[in-house]
Structures are given as C-alpha cells and as structure tokens.
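Peer 1: test case, fold it:
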Amino acid sequence: MKEAELNQLVDSILALGQEREWIEFKKNKYTPELVGQYVSGLSNSARLKGQQRGYLIFGVEDKTLKVVGTRVRLLEEKHGNEPLEAWLNRLLDPHVHFEIYDFTHSEVSVSIVIVDAAPHGPVSFRGVEYVRVGSTLKKLRDNRELERKLWGMAQDTKFENRIAANDLTEQQVIQLVDYPKIFELIESPLPTNRTAIIAQLGRLGVLVDDGSSFSITNAGALLFARRIADFPRFQRKAVRLIVYDGRSKVKTKQEIEGQKGYAVGFEGLINSIERFIESEEEITGALRKVLRPYPRIAIRELVANALIHQDLLQSGTNPMVEIFEDRMEITNNGKPLIDPLQFLNGAPISRNETIARLMRECHICEERGSGIDKVVHSVEEFRLPPPNFITLATHTRAVLYAPRPVGEMSKQERVRACYQHACLKYESGDEVTNSSIRERFGIADTNYPAATKIINEAIREGYIKPSDPESKSKRHASYIPIWASNQESFM
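Peer 2: Numbers count the residues shown, from 1 in each chain. Model prediction:
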C-alpha cells in the first residue's frame with residue numbers, strides 16, 4: 001500500500017473512536033512474541049466479529065487515540081538473525097495472510113500489521129490460539145464458547161476465491177483487469193459490448209456480481225491485473241527476476257519486478273528470462289542460429305508451476321527466478337504437497353485449483369500432472385544435468401543446470417538423472433536399459449561400461465531396481481523405479 005492509502009486507513013480506524021476486538025493500538029511496547037500473539041488474536045477476533053482484517057498499530061495511544069509516533073520499525077525488526085516477517089510466517093498455523101508497513105503519519109513514525117481474518121479455523125502462534133476479549137488478549141482455549149463459535153464460522157472459501165477489490169463499477173473492473181488479453185489467452189472472440197465482457201469474466205471466476213456492484217477475486221487480480229500495484233496487498237506477490245554475475249549472489253547484474261498479473265504478463269516474463277540467458281551464435285553457411293542453455297518448455301513449465309503451487313497465505317516473499325552463470329533457480333512460497341521424488345509419477349495436487357484451472361484455460365501450463373514430465377523429457381533431449389527439486393523450510397526450489405558432459409556431473413547428479421529417466425520410461429510403459437542410459441547421457445555405444453556404472457550407482461543408492469529380479473542375463477537386463485511393481489507387464 002502507498003503511504004497515502006495507509007494514512008487514510010489509519011484515519012478510518014481512528015474514526016471508530018476506540019479499540020475494538022480486531023484493532024489494537026500500541027506505542028512502544030514491543031517483543032516479537034507479543035506481535036505473534038496479537039496477529040493470532042486479531043485474526044481470530046476479526047473472523048468472530050465478521051471483519052475482513054485485524055490491525056495492530058504502533059504509534060497510537062490507546063486511551064486518547066493520538067498519533068504520537070513509535071520507535072518500533074517492524075520491517076527492520078528481527079528474531080535472532082531472521083526477519084520478523086519470516087519468523088512469524090513460520091510460527092503461524094495455519095498460514096494466514098498478513099502485511100507489515102512502516103510509514104509516516106502526522107509527521108511521526110507509525111508501524112502497522114494488517115492480518116486477514118482466520119480462514120479455515122483458529123490461527124495459532126507457537127501452537128497456541130489467541131483471541132481478544134474486549135480489549136484483552138486471551139488464550140482461546142480458556143474461552144470455550146468463543147472457540148466453538150470460531151470453528152463453526154470456519155469458511156471453506158479458499159484464498160484465491162476471496163475478494164481483492166469490491167464495490168466496483170463495470171468501468172472500474174475493465175480498467176483494473178486486462179480483459180483484451182484475457183480473451184486472447186483463452187482464444188475467444190472479444191465481445192462487442194461491456195455487459196458481455198463482464199458476464200464472461202464472471203463465468204471465468206475473475207469477478208463476482210454483487211447485485212449493484214462488482215468484486216474482483218484474488219485469483220482474478222493475481223492473474224489478470226493490468227498493474228499489480230492497483231491491488232496493494234499483492235504487490236509483494238509479484239514475480240522477481242534477478243540476474244547475477246557469476247555463480248553466486250555476491251554481484252547482481254539486474255533485478256526486475258513484475259508489473260502485471262501472472263497470466264497477462266507470463267509471455268513477457270519468459271521472454272525476459274530468455275534475453276538474460278547466456279547464448280552463443282552459430283553460423284552454418286548463411287544461417288545464424290541462437291543457442292540457449294535451457295529448453296523453453298522447461299522454463300515455461302517450472303515458472304508456471306511456481307506461480308500455481310505457491311502458498312498464497314505466506315507473506316513477505318515473492319516468487320523468484322534467479323539466473324546464474326551455471327544454473328537457473330525458480331523458487332516459490334510453501335513446501336510441496338507431495339514428495340519431490342513423486343513429481344513425475346505422483347497424483348497431482350494443487351493448493352490453488354482456481355488459479356491452476358485458469359492458467360490451463362489460458363494455455364500457459366500443460367494438462368494436469370504433465371508439466372514436470374515435459375521438463376525432464378526436454379532436459380533429457382538436451383542431455384543436460386538433471387533438474388533438482390529442493391524442499392526448503394518454507395519454500396520449494398526447482399533448479400535447471402547449464403550444459404555439462406556426463407564426465408563432469410557428480411555422482412548425485414548421475415543417480416538423479418537415472419532415476420528421473422526410469423520414471424519417464426515407466427510412465428510410458430518402458431524400462432531403463434544400458435542402451436537407453438547411453439542415449440540419455442550421450443555416451444558412445446562402445447563405452448557401455450560407463451552406462452553400467454551409472455545404473456549400478458542408482459541401484460546402490462536405492463532409486464532403481466531390476467525389473468526381473470530372477471533374471472541372470474546382464475546383456476538384456478532392464479530396470480524400473482524402486483517404488484514400481486515388478487509384476488506389471490510392459491508389453
């Protein structure tokens with residue numbers, strides 16, 4: 001939010017005349033623990049009182065409601081070496097969306113936490129749920145009646161289907177969302193009148209008709225905003241593209257933050273990524289060819305996956321694409337919902353079904369469950385080191401590596417590539433063989449012992465196994481992923 005909007009928000013809160021169950025004023029009394037407890041309590045109390053958000057404001061006297069300023073700067077505060085915002089994100093359960101701002105009001109410093117109402121039941125901090133009883137912060141378990149009421153009010157509406165902006169006219173809706181691009185993406189003719197445009201946006205789930213006005217959903221804003229900045233709560237959800245000089249983060253060459261919604265800005269993002277990828281020009285005869293180290297389909301699918309599968313309730317971090325000399329890292333909020341080893345063959349699960357559906361309708365991502373398969377398949381075609389999928393404390397990261405011959409790959413990379421190759425083969429009703437491994441890595445046919453070595457490494461590490469354990473033949477041996485059934489027919 002801009003400072004003028006924050007000032008207007010504080011003025012509207014002060015106009016209520018006193019603290020409420022979802023509003024708390026502080027001057028300088030601060031500890032990280034206290035903030036965490038209030039975020040829990042204000043979120044739960046906002047739900048109980050039918051409010052969309054709760055507010056913790058530093059710099060206001062609770063008795064006089066005078067804006068007196070504060071020494072607290074929440075965006076600069078840390079718990080240990082961890083920024084306050086990230087620390088709170090880890091310890092709130094379930095994740096609830098909140099925003100922190102430091103700004104100036106009436107020529108003095110003010111800090112504010114804006115937290116959404118509890119989404120799917122009580123929000124806890126460090127395993128304890130809090131609630132405001134009058135102007136006092138209490139443990140929810142000591143107020144059983146409020147606890148029962150809060151559980152009863154738990155709403156099933158997911159974050160993506162909630163409201164990003166309401167009380168809008170038709171004119172305001174078409175100014176906020178890039179409707180011509182939407183119809184281009186879904187390959188549908190652009191309607192000739194505004195009423196038909198609005199009706200189609202409603203069918204897609206971009207907006208809700210409130211009767212006398214319209215509301216844009218969170219999914220509609222995130223995917224189709226002309227400018228993300230027009231929806232202040234999503235400014236820190238914009239994609240960041242960072243290009244580094246070398247293999248570390250020591251020196252940044254360029255950093256770009258996305259300005260548009262994910263869907264309407266997707267092609268621009270992919271084109272920007274490709275411009276920054278190191279490339280060479282090969283001239284054959286009169287033809288000039290641009291070579292890039294990563295398959296376009298792999299970039300598209302991994303970026304789309306990061307946007308679709310992020311935990312939208314986490315605050316303070318953006319989806320990121322980071323380009324290094326030797327690799328590309330794509331990071332999103334939230335741990336994966338399935339084991340990364342099952343990304344190729346596991347049943348697909350999405351946190352954000354509406355966003356996933358809309359991205360498919362816009363032809364931005366592939367059919368359900370096929371994206372990672374296409375990534376790995378394209379990497380194999382380029383004979384690149386295998387992609388890596390890493391689970392971090394609060395994030396998921398996918399890594400693409402620049403070209404390297406098999407002799408320069410680590411044992412871990414060879415084993416991972418063999419496992420991913422086995423998963424692709426198994427899915428298509430085939431098996432890994434010495435020949436297929438030679439093809440995967442570009443190993444000469446005469447050097448079959450090198451392929452045998454890779455297979456044996458993958459067996460020892462517990463990633464693949466013989467498809468027929470009883471067979472004594474080495475020449476015709478074949479292999480399947482360790483989790484696969486030996487009984488299935490591959491004919």
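
Peer 1: okay, now the residue nearest to V108 when sequence neighbours are not counted: neighbour count?
Peer 2: With Cβ to Cβ, 6 or more residues apart in numbering as the criterion, V108 has its nearest non-adjacent residue at 2.9 Å, and that residue is G69. For glycine as for every other residue, the C-beta is placed from the backbone atoms N, C-alpha and C. Number of residues near G69 (other Cβ atoms under 10 Å) recorded here: 18.

Peer 1: tell me the SS of G69?
Peer 2: coil (DSSP: H, G, I helix; E, B strand; the rest coil).

Peer 1: let me see the contact set for it.
Peer 2: Residues in contact with G69 (Cβ atoms under 8 Å, 6 or more residues apart in numbering) are G59, V108, S109, V110.

Peer 1: narrow the residues you listed to those that are buried.
Peer 2: Among these, those buried by neighbour count (16 or more other Cβ atoms under 10 Å) are G59, S109, V110.

Peer 1: if we ignore the residues flanking it in sequence, what's nearest the second one?
Peer 2: Going back to what we said before, that points to S109. The nearest residue in space to S109 (Cβ to Cβ, 6+ apart) is G69, at 5.1 Å.

Peer 1: how much space between that neighbour and S106?
Peer 2: If you measure G69 against S106 using Cβ to Cβ, to the nearest Å, the figure is 8 Å.

Peer 1: same thing with T195?
Peer 2: Taken as Cβ to Cβ, the span from T195 to S106 is 45 Å.

Peer 1: those two: which is more packed in?
Peer 2: Neighbour count, other Cβ under 10 Å: between T195 and S106, S106 has more, with 13 against 10.

Peer 1: rewinding a little: keep only those of the contacts of G69 that are in strands.
Peer 2: V108, S109, V110 (DSSP state E).

Peer 1: from those, which is closest to D245?
Peer 2: Using Cβ to Cβ, S109 comes nearest to D245 of the ones in strands among the contacts of G69, at 36.5 Å.

Peer 1: quick check, the closest one in contact with T70.
Peer 2: Yes. Taking contacts as Cβ atoms under 8 Å, S109 lies within contact range of T70: 5.7 Å.

Peer 1: where do the contact lists of those two overlap?
Peer 2: Common neighbours of S109 and T70 (Cβ under 8 Å, 6+ apart) are G59.

Peer 1: list the strands paired with the helix or strand where I390 lies, with their directions.
Peer 2: I390 is located in strand 388-391, with elements delineated by DSSP states H and E. Paired strands of strand 388-391, with direction, are strand 395-401 (antiparallel) (DSSP bridges).

Peer 1: which residues are contacting the strand it pairs with?
Peer 2: 294, 298-299, 302, 305-306, 309, 317, 326-336, 375, 379, 384-390, 413.

Peer 1: from those residues, which land in strands?
Peer 2: R327, M328, E329, I330, T331, N332, N333, N388, F389, I390.

Peer 1: from those, which has minimum pLDDT?
Peer 2: Within the ones in strands among the contacts of strand 395-401, pLDDT reaches its minimum at N333, with 91.

Peer 1: my guess is it contacts H309. True?
Peer 2: No. N333 is not in contact with H309 according to Cβ under 8 Å; the separation is 9.3 Å.

Peer 1: tell me how many other residues crowd K78.
Peer 2: Residues lying near K78 (other Cβ under 10 Å) number 12.

Peer 1: how much space between I364 and L14?
Peer 2: Per Cβ to Cβ, I364 is found 44 Å from L14.

Peer 1: nothing else from me, thank you.
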